[in-house]
Structure formats: structure tokens, C-alpha cells
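Colleague: Got a predicted model here, sequence first, then my questions.
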Amino acid sequence: MTRRVKKINTSGRCMQGELVDKFKRIFARRGRSIILAYDHGIEHGPSDFLENPDSADPAYIVKLAKEAGFDGLVLQRGLAEKYYDGSVPLIVKLNGKTNLYTGEPLSVANCTVEEAVSLGASAVGYTIYAGSGYEWKMFEEVARIKKDALRFDIPLVIWSYPRGGKVKDETAPEIVAYAARIALEVGADAMKIKYTGDPKTFSWAVKVAGKVPVLMSGGPKTKTEVEFLKQVEGVIEAGALGIAVGRNVWQRRDALKFAQLLGKLVYEGRKVEELAGEVQ
Ligand SMILES: O=P(O)(O)OC[C@H]1O[C@](O)(COP(=O)(O)O)[C@@H](O)[C@@H]1O
């Protein structure tokens with residue numbers, strides 16, 4: 001249980017420190033969490049949808065998250081506005097950038113916390129590229145967003161992706177651990193960080209994340225299903241709350257079947273070797 005920090009909040013709406021518990025109540029009802037990420041249309045472009053063309057349709061994704069029994073769905077405001085049907089708790093991703101941009105890593109907000117709440121969001125997301133020459137701009141913006149998140153009593157999820165500057169390998173253990181600590185220190189109520197490649201080094205990132213729950217970012221689709229399932233098994237062992245995954249689910253043609261396998265691993269605590277007969 002997160003210690004309640006007794007602090008008078010001007011709007012009287014919520015006390016600092018409670019939003020971690022609120023996030024877990026909504027996005028980890030079974031003690032663990034699988035969130036379907038789908039902000040790739042802006043981040044990577046429609047090429048991400050080519051392997052499984054059905055995934056280009058936001059309605060397909062919303063249905064997938066619901067049928068898979070996932071805890072949450074990440075959408076940018078435009079998709080939330082046009083396709084969100086309330087069937088799965090929503091995280092509105094407040095900032096985004098395209099990969100057409102080749103300057104210093106920078107992702108700025110295109111939606112406010114208030115607008116996200118009006119779209120039905122149960123949490124908001126924001127990416128910070130620590131290391132970038134623009135990190136100061138994202139730190140400034142996330143401070144304003146954090147203030148609004150407290151005012152609107154809505155958890156803030158930080159996509160903590162150090163990029164630029166001294167960052168040579170975004171999945172290096174010391175970078176992922178640093179990413180986790182940055183999210184904790186700027187006031188994240190949950191965080192998404194990249195996988196270091198093994199449970200031991202990832203557990204250090206979970207440790208330095210302190211009280212803030214960690215979600216592993218899925219990353220590019222693995223060659224085999226077993227490879228991704230083993231990554232997920234590892235991060236759960238390392239103490240993560242769960243995963244926020246996009247490509248490793250909806251880029252597969254049998255997306256729903258694989259999503260249900262993920263659920264057996266994450267929610268039922270099944271082991272990969274037990275599921276071996278069901279995976280490709
Ligand atoms: O900036 P990157 O490394 O391309 O990753 C961005 C993407 O990764 C995510 O954080 C997780 O999605 P994946 O599971 O497909 O990696 C998305 O929310 C985001 O669009």
C-alpha cells in the first residue's frame with residue numbers, strides 16, 4: 001500500500017501518492033497488467049501495420065484488447081475520440097512524435113489531461129527522452145502535466161526512453177535503470193521501460209523504480225513467440241507489474257490467440273515450458 005502523503009491539495013480532489021494505488025486498481029485488477037499499446041501510427045507510421053493489415057484498423061485493436069481480456073489500451077487522442085468504446089480502461093498518450101523527424105529527440109504534448117479525461121481516459125501517458133538536448137523541454141512539460149494529473153485525480157504513466165546525448169544503447173542495463181529512476185523522480189504513477197535482455201539486470205531497474213510499478217515495453221516483434229514469452233516471464237520474475245505491448249501482439253496474424261497465451265503467463269502464472277505445446 002502506498003503511504004498516503006498528507007498534503008492539502010488545492011482542489012481537494014486527490015492526495016499525492018494515492019495515484020499509484022489507483023493505477024493498480026484499474027490496470028492490474030488481477031495483480032498483474034497487460035496493456036495493449038497502439039500509438040504506433042504516429043510514432044512509426046502505417047508500415048508497422050503491414051505484417052497484419054487488420055491491425056491498421058483501430059476498431060480491430062479495440063476489439064482485440066477487449067477479447068484478450070487485457071487491462072488497458074493506449075491510444076492517441078484522435079483514435080480515442082473516434083474509436084474508444086469504453087470496453088477496456090484507456091490510457092491517452094499525451095505526446096508523440098513521428099520518425100520523419102530527424103532532429104534532437106523531442107516529443108511534445110498534443111492533448112491536455114483535461115481533454116484526455118473528457119475522452120474517457122483512466123490514465124495519461126507521456127514519453128520523456130532523457131539525454132536529448134530537449135530533455136529540459138519534456139521535463140518542463142511533464143511537470144505541468146503532473147500538476148493537472150493530480151488536479152484531475154488521474155494516474156500518470158511515463159514512457160521513460162533515454163535517447164540522444166550519451167545514450168548509445170537504449171536497452172543497456174544502466175540506461176534502463178536510469179530510465180526507471182528518472183520516471184520515479186519526476187512523479188510517475190507507473191512507468192514503461194525497455195527490456196534489458198535478462199531478468200537479473202531488469203530487476204535492478206525495478207529496484208531503483210522504488211514504489212512505482214514497472215511495465216516492460218514490448219519492443220519489435222520477436223522472431224518466435226517463445227522468445228517474447230520468455231522475455232515476459234523474465235520481467236515478471238524480476239518484479240515488474242506487467243507489460244505494455246504493441247507490435248509483439250498485433251503484428252502477429254494470430255494476435256488474439258497469442259494475446260490469450262500472454263494472459264496465461266501473466267495472469268495465471270503459467271510457465272513458458274508449460275505453454276510450449278501451444279506456441280509457434
Ligand atoms: O520509440 P520507440 O522505441 O520506437 O518505441 C515507441 C513505441 O514503443 C511503445 O512504447 C511500445 O510499443 P511496442 O510494444 O510495439 O514496442 C509504443 O507505445 C510506442 O509507440
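Modeller: Thanks, I have it.

Colleague: Helices of the stretch 101-250 of the chain, residue ranges please.
Modeller: For the stretch 101-250 of the chain, the helices defined by DSSP state H, counting those that start in this stretch cover 113-118, 135-151, 173-186, 199-208, 225-237, 247-250.

Colleague: May I have the fifth one as CSV, with CA atoms only?
Modeller: Taking only C-alpha atoms (Å, rounded to 0.1, in the frame of the first residue of the first chain), the coordinates of helix 225-237 have been written out as CSV:
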residue,chain,number,x,y,z
GLU,A,225,6.5,-16.4,-30.0
VAL,A,226,8.6,-18.3,-27.4
GLU,A,227,11.2,-15.6,-27.4
PHE,A,228,8.8,-13.0,-26.4
LEU,A,229,7.0,-15.2,-23.9
LYS,A,230,10.4,-15.8,-22.2
GLN,A,231,11.1,-12.1,-22.1
VAL,A,232,7.7,-11.6,-20.4
GLU,A,233,8.3,-14.5,-17.9
GLY,A,234,11.7,-12.9,-17.1
VAL,A,235,10.3,-9.4,-16.3
ILE,A,236,7.5,-10.8,-14.2
GLU,A,237,10.2,-12.8,-12.2
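
Colleague: Quick one: name the residues of the stretch 1-150 of the chain near the ligand.
Modeller: 37, 39-40, 43, 74 (C-beta under 6 Å from any ligand atom). (Each C-beta comes from the backbone N, C-alpha and C, glycine too.)

Colleague: Buried subset of those residues as a ChimeraX selection?
Modeller: Applying 16 or more other C-beta atoms under 10 Å to these leaves a buried subset, and the ChimeraX line that selects it is:
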select :37,39,40,43,74
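
Colleague: any weak-confidence spans in the stretch 1-150 of the chain?
Modeller: 1-17 (pLDDT under 70).

Colleague: Check the chain for the residue nearest the ligand and tell me.
Modeller: As assessed by C-beta to the nearest ligand atom, the ligand sits closest to Gly218 within the chain, at 2.5 Å.

Colleague: what's the burial count for that residue?
Modeller: Neighbour count for Gly218, taken as other C-beta atoms under 10 Å: 26.

Colleague: Let me know whether it touches Trp250 as I believe.
Modeller: No - using C-beta atoms under 8 Å, Gly218 and Trp250 do not qualify as a contacting pair, with a distance of 10.1 Å.

Colleague: Next to the ligand, which bits of the stretch 151-280 of the chain? Give me the list.
Modeller: Near the ligand, when you scan the stretch 151-280 of the chain using C-beta under 6 Å from any ligand atom, you find 159, 161, 192, 217-219, 244-248.

Colleague: Now render the residues you listed as a markdown table, adding pLDDT.
Modeller: Formatted as a markdown table, those follow (pLDDT from 0 to 100):
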| residue | pLDDT |
| --- | --- |
| Trp159 | 98 |
| Tyr161 | 98 |
| Lys192 | 98 |
| Ser217 | 98 |
| Gly218 | 96 |
| Gly219 | 97 |
| Ala244 | 98 |
| Val245 | 98 |
| Gly246 | 98 |
| Arg247 | 98 |
| Asn248 | 98 |
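
Colleague: May I see the residues you listed organised as TSV, with distance to Gly31 added?
Modeller: Formatted as TSV, these follow (distance: C-beta to C-beta, whole Å):
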residue	distance to Gly31
Trp159	23
Tyr161	26
Lys192	18
Ser217	20
Gly218	20
Gly219	24
Ala244	16
Val245	18
Gly246	23
Arg247	25
Asn248	22
